[in-house]
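>>> No sequence on hand, only this structure:
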């Protein structure tokens, strides 16, 4: 009997060892450049790796706490920084999958992972013995001989613990934990609900006459989508941007435009199980409670504590200044569109589902500009090569496709970034087209941030950009709209921020900067995308190879500020909505749609324009990291308008000294220095709002 028991025990041990050996997270990655071995990773590997990562970090933290030596930067702050390497490795892959490689199994797993990680994070932040050591180091920060980056890591570590409840009385810490647990699940569920609505809503068109006005490429894509659903001979439209936006812009059928637009703005608020209104209520309630526990009047005060913007009042004043400049222009645009409706012999009033359609008609009349004509010059590979050309001209950086590098999805491609002398910089993944397993929008993320490891080895970054651009159809390649083209440049700006990082600690690497600074590198790149001189370098006709004609560039430039009142109002409205949610100082249950109407009334918003992001699908603030932070895009707009001017003033769009300063003072530094200090070191001055408003045609 003992022999049998021994054999059983041996089998169990061997099976356990085999499982660990087969789990790719638990061994060093044996892949080119040490990228995640996506071809080996299976969903079953995540939970054991998470648990092992938590165990390892707990052991490291226990060793820090039990260290009998006096607390120092190295034995406490740096030791904590390096304590969770396995957990970080697993988390980065998992949460990237949760955005761009989604499955039912991953979503179910996330419901277990989110509270587990939240609890683990609280166990660290609320570990009083650990916090006492951090406080001891922080108390002597002025006497310590630390590098600038070490000083910043110390400050960020101390502030992070305080913001996560370490200074709370013990009797309040349990409630703090409960709030964090619930918040982690609510934000997860919010995003999953929006994705479920996007994936489930489909509009089938049976009568070809209802396609009138649509570009042929959009019709072809809809036909292919219908075939995939077993509806050959019909056309299917969805709530994914490459489907919905062209439909709203070009479809002559007003009833179908209304149907689609109402569905689009009601994502997360349809008559199904994916309704987000109760989740929003609970998120606002819990964020407020949590912030007030930490001594803030509201969540926005808490969120803005570590941003560039000095106060809630400063943000609200900024948004109001932009709003006041844009609203009269939007009203004039509405009158112009109503005139077009009347001139076409219709007797209806302009509604939000009409705006994009009639704006396109007026744009074509006034500037002889048609989006379908512009697309011919923005074939996706040409745009990509144009971005690569810009990287070469600014910094000598080359990109080489690496088919030998594992990818997380067949649609993704891997590229190696190289210095001019051939030195490896990092790996960049690009994943450009919609699919059901990917959330909407466009973003940059990291599978491995640049840093220096505990042994002093420089670790190169692994970055990804994920988009939902128009896909190829039939024999026609992917032809991007002007907005998609500039979005490509935007996300590449984030990517280059991650790729060129040159810091010691990963917590301060790349895009780990204040939220209202992080959009500077992305938005400044958009300026090259729209500059006539650079457009002529990369915009080629996808069939003939002809360079984009000067007269078309002139028309694009002339139309550059067309419809900017609309664009600015819908965007700023979402920023104001965000701030109104998060400046609440008390909570009572509220009707989300009524709250939106109150915001619209408060700022005299036009009925013809809806929020860029309505509450129930506003993932930036309810499922992402932009709570009380949506203003950041425009705040960074002040910086990017001024930053690009630094190149323009030299008379050389690729001025090498200016490019060097941009790289060394901003892109490489990550969050190792005060954001405004970094900007002034690059530009030599603080920016003003006027170039930003002028760039958008909001002032003369």
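Done, it's in. All values derive from a computational prediction rather than experimental measurement.
>>> Hmm, residue 495 and residue 463 touching each other?
Yes: with contacts counted by CB atoms under 8 Å, residue 463 reaches residue 495, the gap being 5.1 Å. C-beta coordinates here come from the backbone N, C-alpha and C atoms, glycine included.
>>> Find the residues that touch each one of those two.
The contact sets of residue 463 and residue 495 overlap at 428, 444 (CB atoms under 8 Å, 6 or more residues apart in numbering).
>>> Break this structure into its domains for me.
Listed by automatic domain parsing, the domain ranges of the chain are 2-167, 201-265, 296-375+565-622.
>>> Next, format those domains as JSON lines and append mean neighbour count, mean pLDDT and distance to residue 509.
Converted to JSON lines, these look like this (neighbours: other CB atoms under 10 Å; pLDDT from 0 to 100; distance: least, CB to CB, whole Å):
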{"stretch": "domain 2-167", "mean neighbour count": "16", "mean pLDDT": "91", "distance to residue 509": "10"}
{"stretch": "domain 201-265", "mean neighbour count": "18", "mean pLDDT": "97", "distance to residue 509": "30"}
{"stretch": "domain 296-375+565-622", "mean neighbour count": "18", "mean pLDDT": "97", "distance to residue 509": "17"}
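>>> Dump those to JSON lines, plus distance to residue 424.
Formatted as JSON lines, the domains of the chain follow (distance: least, CB to CB, whole Å):
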{"stretch": "domain 2-167", "distance to residue 424": "7"}
{"stretch": "domain 201-265", "distance to residue 424": "34"}
{"stretch": "domain 296-375+565-622", "distance to residue 424": "33"}
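>>> Between those domains, which one is closest to residue 660.
Closest to residue 660 of the domains of the chain is domain 2-167 (CB to CB; 19.6 Å).
>>> For the nearest residue to residue 156 once chain neighbours are set aside, the count of nearby residues, please.
In space, and not counting its chain neighbours, residue 156 is closest to residue 507: 6.6 Å by CB to CB, 6 or more residues apart in numbering. Residues contacting residue 507 under the criterion other CB atoms under 10 Å number 19.
>>> Residue 507 contacts residue 80, doesn't it?
No: between residue 507 and residue 80 there is no contact under CB under 8 Å: 9.7 Å.
>>> which neighbours do those two share?
In contact with both residue 507 and residue 80: residue 157, using CB under 8 Å, 6+ apart.
>>> show me where the stretch 601-700 of the chain has strands.
Taking DSSP state E, counting those that start in this stretch to define them, one finds no strands in the stretch 601-700 of the chain.
>>> what's the following helix or strand after the lengthiest strand in the chain?
Taking DSSP state E as the criterion, the chain has its longest strand at strand 424-431. Once strand 424-431 ends, the next helix or strand along the chain (criterion: DSSP states H and E) is strand 443-448.
>>> Check which helices and strands that next one sits against.
Secondary-structure packing of strand 443-448 (3 or more CB pairs under 8 Å, 6 or more residues apart in numbering; DSSP states H and E): helix 85-100, strand 462-466, helix 482-499.
>>> Distance to residue 337 added to these, as a markdown table?
Shown next, in a markdown table, are the helices and strands packed on strand 443-448 (distance: least, CB to CB, whole Å):
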| stretch | distance to residue 337 |
| --- | --- |
| helix 85-100 | 36 |
| strand 462-466 | 34 |
| helix 482-499 | 19 |
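>>> For residue 615, find the nearest of the ones you listed.
Using CB to CB, these put helix 85-100 closest to residue 615, at 21.0 Å.
>>> so what does the helix or strand following that closest one touch, helix or strand wise?
Going down the chain from helix 85-100, the next helix or strand is helix 104-125, by DSSP H and E. Judged by 3+ CB pairs under 8 Å, 6+ apart, helix 104-125 is in contact with helix 46-66, helix 85-100, helix 170-200.
>>> So which of the ones you listed is nearest residue 233?
helix 170-200 (22.4 Å).
>>> Could you list the residues in contact with whichever helix or strand comes after the closest one?
Going down the chain from helix 170-200, the next helix or strand is strand 202-205, by DSSP H and E. With contact meaning CB under 8 Å, 6+ apart, strand 202-205 is reached by 211, 222, 226, 229, 231, 234-238, 256, 259-260, 263.
>>> from these, which ones fall inside helices?
Those of these mapping onto helices are 222, 226, 256, 259, 260, 263, per DSSP state H.
>>> List just the nearest of the residues you listed to residue 167.
For the ones in helices among the contacts of strand 202-205, the residue nearest residue 167 by CB to CB is residue 263; the value is 46.8 Å.
>>> wait, isn't that closest one in contact with residue 201?
Yes: in this structure, residue 263 is within contact of residue 201 by CB under 8 Å, at 5.4 Å.
>>> Give me the common contacts of these two.
With CB under 8 Å, 6+ apart, residue 263 and residue 201 have common neighbours 239, 270.
>>> tell me the secondary structure for residue 77?
When classified by DSSP: H, G, I helix; E, B strand; the rest coil, residue 77 comes out as helix.
>>> Pretty sure it sits against residue 153.
Yes: Residue 77 is within contact range of residue 153, at 6.1 Å (criterion: CB under 8 Å).
>>> Could you verify my assumption that residue 103 touches residue 43?
Yes: between residue 103 and residue 43 there is a contact at 7.2 Å, judged by CB under 8 Å.
>>> Looking at the contacts of strand 202-205, which is nearest residue 58?
Checking the contacts of strand 202-205 against residue 58 with CB to CB, the nearest one is residue 238 at 44.8 Å.
>>> What residues are recorded as beta-bridge partners of that closest one?
residue 202 (DSSP bridges).
>>> any idea how far residue 190 is from it?
To residue 190, residue 238 is 20 Å away according to CB to CB, to the nearest Å.
>>> does residue 659 really touch residue 396, like I thought?
No: Residue 659 is not in contact with residue 396 according to CB under 8 Å; the separation is 9.5 Å.
>>> Would you mind telling me which of those two has the busier surroundings?
residue 659 (19 against 13).
>>> Can you classify residue 572 by secondary structure?
Relying on three-state DSSP, one would call residue 572 helix.
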